[in-house]
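Participant: any chance you could fold what I've pasted below:
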Amino acid sequence: MGFPSELRDAWVSKSRGFLIASPEEDQKKLRMAACTQEGVRAGAKAAAIACVASAVPTLVAVRVVPWAKANLNYTAQALIVSAASIAAYFITADKTILECARRNAVYDKTA
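Facilitator: Just a heads-up that it's a prediction; the model follows:
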């Protein structure tokens, strides 16, 4: 069962097409990958900071505030901390990637 290797190789070579990418397109792909990597790094840093910034008051409140002690179980505490971390990650990564894309954009200044 399956495709013979000759047929598979012929199919794969056809899917790439007959066009050759220009050096500018290669540079564009490299810049895009760098922007994505920069966004991931910035998002991870923001998520780590948000995790600590939300975990400390949440854990203190659960031990000190009577309402929080009665109503916030372990799942609620985890949801509070993870929601803050996830939001910080995606917001920061998105802003960083868009800022990097604007910085790398090439505009036609004659138009």
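Participant: tell me, how many residues neighbour Leu19?
Facilitator: 7 (other CB atoms under 10 Å). In short, each C-beta sits where N, CA and C put it, glycine included.
Participant: pretty sure Cys100 is in contact with Val40, am I right?
Facilitator: No - contact criterion CB atoms under 8 Å: Cys100 and Val40 do not qualify, at 11.4 Å.
Participant: higher neighbour count, the two?
Facilitator: Using other CB under 10 Å as the criterion, Cys100 and Val40 rank with Cys100 on top: 19 against 15.
Participant: give the closest residue to that one in space, chain neighbours not counted.
Facilitator: When the adjacent residues along the chain are set aside, Cys100 lies closest to Cys35, with 3.7 Å between them (CB to CB, 6 or more residues apart in numbering).
Participant: didn't the one you found look like it was pressed against Lys95?
Facilitator: No - Cys35 is not in contact with Lys95 according to CB under 8 Å; the separation is 11.7 Å.
Participant: of those two, who's got more company?
Facilitator: Cys35 (19 against 14).
Participant: what about that one, which helix or strand?
Facilitator: helix 23-64 (DSSP states H and E).
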